[in-house]
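**Q** Pasting a predicted model and its sequence here:
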2 protein chains.
Amino acid sequence: MRNVKYGKCVRCGRTYEAKPDLTNCECGGILDIVYDYDYIKSVLTKEKLAARKNYTMWRYRELLPVEETTPDTPLRVGWSPLYEAGRLAEQLGLGKLWIKDDGINPTASLKDRASAMAVAKAGEAGAKVIACSSTGNAASSLAGNAAAAGFETYIFVPSRAPKGKVAQLMTFGAHVISVQGSYEDTFELSKQAIDRWGWYNRNAAINPYLSEGKKTVALEIMEQLNWEVPDYIAISVGDGCTIAGLWKGLKDLYAIGFIDRLPRLISAQAEGCCPLNRAIEENQPWHPMEENTLADSIAVGVPRNADKALMAIRESNGLTVNVSDQEIMAAQKMLGSACGVFGEPAGVTGAAGLKKLCEQGKLEKDARVVSVVTGNGLKDVANAIKACGEPISIPSDMNLLLKAFEEHGIEVE
Amino acid sequence: MRNVKYGKCVRCGRTYEAKPDLTNCECGGILDIVYDYDYIKSVLTKEKLAARKNYTMWRYRELLPVEETTPDTPLRVGWSPLYEAGRLAEQLGLGKLWIKDDGINPTASLKDRASAMAVAKAGEAGAKVIACSSTGNAASSLAGNAAAAGFETYIFVPSRAPKGKVAQLMTFGAHVISVQGSYEDTFELSKQAIDRWGWYNRNAAINPYLSEGKKTVALEIMEQLNWEVPDYIAISVGDGCTIAGLWKGLKDLYAIGFIDRLPRLISAQAEGCCPLNRAIEENQPWHPMEENTLADSIAVGVPRNADKALMAIRESNGLTVNVSDQEIMAAQKMLGSACGVFGEPAGVTGAAGLKKLCEQGKLEKDARVVSVVTGNGLKDVANAIKACGEPISIPSDMNLLLKAFEEHGIEVE
C-alpha cells in the first residue's frame, strides 16, 4: 500500500508494519493507520473524484488502507443519501441542517462500512473465515458482507441476543454460536476460537482497519456538501469506533487540503450509559457505567475504543450531550415525520442530542449542522411500537370517522 | 407534459386527458399512460442518460409522466443495486444471474417508486393530503415519501394490521385509522373519505401513475446491464401492479429503440394464493382465491390490477410458477447466504420461483436471468425466526465448542 505508512499505537506510539491482520499494540493500545498524505495529494484531486462513477465507499480508495489490487467488496456499501432538512432546520432554529441516512446500507447500518473493510482485508490476509462477537449491527453487517464475498463467518452472540437478530445472521449463512453467559464470556470464547483457528478478526477496537471503513461516512458528507465544511456534525456514541472514524475522515481531508477547517463534533450518548461523555464533562479518565438505555446499539458500558473517541471529541473542541430514552424516541418521531427517515433508537440519538442542544440555546442561530443516522428503524420495531401510541380505531362508518377526528383534534383540509 | 399523450383504458380503449388526479375509466377499467415515443426519442439518448449524475428514479424523467417543472421528490428512491450472483448462477445452472435488490429503497421496498410518483403527482394536483388504504409496503412508502415532501397522509388499515407496521406509519407522522373490519371495509371507508375531502388518492390500481413509478425498476435493470437484454426477469406477483410496471418499462425502452428485444417475464406467486398464474395456466379469466401464504405482501386473493398483469405475462410469452411457503423461506436463505441479500418472504418469491423452474429444467442452461427482490427482510423478521432454526447454544468453553462443531458436522478450517 503506497498510501499507508504504518499502524501506530495511540497510547505508546509504537509503530507496526501495516499487515492485513493487524491487531492491538503489545501495550494493549489501539493502533491508528497512518497515511502518506504527500503521496495521496499527488494521486487524488477533487476533480478526479468528481468524475468517478463508483458510488460506494470504495470511491475513496486513495484514502483507504487496501492494496490497489484488492477488489471492491460486492455489496453496495456507502454513498448513503445526505438530505437537506429545511423544515426541521427552521423548527430547531438552525441555519442549515442535513440528515445523513446511513440506515440505507445493505444490512441497514453504518457498520456495513467497517464490515466491508474487514472483508477486503480478510481477502488480503488470505483468510477464508471471518469471526466476531457481537449481538448487533456489527454481526449482521459482517454476516451479509462476508456472504456476498464468499467468506464463511463464525459469530458469537450472548444468549440474551434477540431472536430476530440471530435469525438475520443465520439467513446470511453465518455459523452462530449462542454463548450461555455474559458478553464478556462470549467475547472470551470468540477470542480463543479466533486464536485457535486463525480466523480473520472483525472485533471492533482490535482490528484497526475497521474505523478506516467507517471514516468513509465523513468523506461522503464532505463531498456531498461540495467540500463546504459544516459547523457541527452530530452522531451517537457507543464504543467510540464510529465517532473516531468520523473524525479520522475529516482529518484526512484536512491533511490533503480538500477542506480548509474542521467541524466540531457533537457526541450524543444515552443518559443511562454515557461513560465517554462523562469523562469529557468531568475532565477525568473514563469509568465503566451500567447500560441503562433502550438504544441497544450504543448501550456500551465499557467502551472499547475510548482512547480514539475521547481524542476525537477533544481535538474537535466538541460538545457532549446526554439524552433520555424519551428524548431518543421523540427524535425518532421528529426525523420520521419531518424528513421521512426512520432510524433505530441508537441511530437517532445524534439527532436527539442536537435537538436538546438547540433547545438549550447552545448552538449559534445560523449554525450549519449535519446529523448522522447510523441505523435503520426496522432493526428495532418493538421500541417504535411502545413509543408511537395507538391509532384511531373505529368501525367502517363515516360518522364515526368525523367524530374521531374531532376527538383527536384533527382538522381535515 | 410533452411526452405524454393521454390515459387510455386497458379494457374499453377510452382515452382521458392526463390530469394529475386521474383515476379509473368510467367502465371500471384501469388506465394506461400512453407516451409520445417520437418526442421522447428526440430528447433522450443513451449517451445523455449515461452522463447524468442523478442516481434516483428521476433520472428517467423523459419517460415519466410528470411536468418538467415538477421537482424530484426528496427521498432517494431507485437506482437500487443490481448484483451479479456468479456463485448462485452456477448453483442453479444458469448462464448469468443478477439480483436487483429493491429492499434498499428509503422505506425498504419497491413500492417507494410508486409512492414517490404519487407525491410528485399530488404536488401537481395542488393537493396537501395523500391517502390510501393498505397494511403494508404501499402504506409505509407513502407515509415516508409524503412526510419528506411535507404532505399530510391519512392511511386506513384493517385492525388486523401488525403493530410494527402501524408504528412505522405513525413514526412517519401519518394519521392512521385502524378500521374494525375486513380489508374491504377499510377500503370502503378510505374511498368515502377520499371523495369527501378530495385527498390525493394513492390506492393502487386506481391511480394509473403508480405503475409508471414502478416501471423505473425495469429502466434501471436495463441501464445497469448496459442495455443487454436478459432472457428472463423473475418477480413476485400479488395485485399485479408491479409486474405490469416492470413490463411497461421494458416496452418503453423497446419503443424508443434502447433495447432490441424483450425478455420473458417469470411470474412467481404463492401456491396458496395464485389467482393470476392460475388464470394463465388454465387460460381462463381469473377468479378470486383465498390468501394462504406467509408472504403477506403478495397475499392478494382479489388482484386489483389483473388486466395489466395478465397482459404483461401473456405479451412477454412469460412463465408462471407457484411456490410453497417452504420454498419461499428456502429462497430467503439461499439469497442471504449466497448473495448477502436479505429479502422479505414476498420479496424473494421471484427467486423461489426461479429456483423451482431451474430444478424442473424449464430454463435453458445458458439462460441470463434477473431476479428482483421487492422488499427488505427486516420488514418481517418473525417469519425468518421461524424458518432459520436454532443456533448452537453452549457455555463459554472451548471443549464444548469443539464438541458442538462435531455434532453439527461443521468442519472448521
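**A** On my side now, so go ahead.
**Q** As a check, name the ranges of all strands in chain A.
**A** Shown for chain A, the strands assigned by DSSP state E span residues A:4-9, A:15-16, A:31-35, A:82-84, A:96-101, A:129-133, A:152-158, A:175-180, A:200-201, A:232-236, A:264-270, A:319-323, A:368-373, A:392-395.
**Q** helices and strands around the third one, which ones?
**A** Meaning strand A:31-35. strand A:4-9, helix A:241-255 (3 or more CB pairs under 8 Å, 6 or more residues apart in numbering or on different chains; DSSP states H and E). Placement of C-beta: from N, CA and C, glycine included.
**Q** tell me the angle the shortest one makes with strand A:31-35.
**A** So that's strand A:4-9. Following axes from the mean of the first three to the mean of the last three CA atoms, to 10 degrees, one obtains 160 degrees for the angle between strand A:4-9 and strand A:31-35.
**Q** Now do strand A:4-9: which elements does it pack against?
**A** Against strand A:4-9 (3+ CB pairs under 8 Å, 6+ apart) you get strand A:15-16, strand A:31-35.
**Q** who's in contact with the residue in the stretch 151-300 of chain A that chain B sits nearest to?
**A** Chain B sits closest to A:G173 of the stretch 151-300 of chain A, with a gap of 2.8 Å, by CB to the nearest CB. Shown in contact with A:G173 (CB atoms under 8 Å, 6 or more residues apart in numbering or on different chains): A:143, A:147, A:153, B:333, B:336-338.
**Q** Show me the two of those that sit farthest apart.
**A** A:T153 and B:K333 (14.6 Å; CB to CB).
**Q** between those two, which one's more packed in?
**A** Neighbour tally, A:T153 and B:K333, criterion other CB atoms under 10 Å in any protein chain shown: the higher count belongs to A:T153, 27 against 19.
**Q** I'd guessed that one sits against A:A131; true?
**A** Yes. Checked against CB atoms under 8 Å, the pair A:T153 and A:A131 is within contact range at 6.7 Å.
**Q** would JSON lines of the helices and strands packed on strand A:4-9 with mean pLDDT be doable?
**A** Formatted as JSON lines, the helices and strands packed on strand A:4-9 follow (pLDDT from 0 to 100):
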{"stretch": "strand A:15-16", "mean pLDDT": "98"}
{"stretch": "strand A:31-35", "mean pLDDT": "97"}
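**Q** Highest mean neighbour count out of these?
**A** Ranked by mean neighbour count, the helices and strands packed on strand A:4-9 are led by strand A:31-35 with a mean of 21 (mean count of other CB atoms under 10 Å in any protein chain shown).
**Q** what's the closest non-adjacent residue to A:C132?
**A** Nearest non-adjacent residue to A:C132, counting by CB to CB, 6 or more residues apart in numbering or on different chains: A:R202, 4.1 Å away.
**Q** swap that for A:Q91, sorry
**A** Take A:Q91 and drop its neighbours on the chain: the residue closest to it by CB to CB, 6+ apart is A:A338, 6.9 Å away.
**Q** Model confidence at A:T135, what's the number?
**A** Note on A:T135: pLDDT of 72.
**Q** Any idea how many residues pack against it?
**A** When neighbours are counted by other CB under 10 Å, A:T135 registers 21.
**Q** Next one, pLDDT for the residue lying closest to it once chain neighbours are set aside please.
**A** Leaving out its chain neighbours, the residue that sits closest to A:T135 by CB to CB, 6+ apart is A:A161, at 4.2 Å. pLDDT recorded at A:A161 is 82.
**Q** Turn the strands of chain A into TSV, columns for distance to A:T186.
**A** Below are the strands of chain A laid out as TSV (distance: least, CB to CB, whole Å):
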stretch	distance to A:T186
strand A:4-9	26
strand A:15-16	27
strand A:31-35	24
strand A:82-84	36
strand A:96-101	31
strand A:129-133	5
strand A:152-158	5
strand A:175-180	4
strand A:200-201	14
strand A:232-236	23
strand A:264-270	22
strand A:319-323	27
strand A:368-373	28
strand A:392-395	43
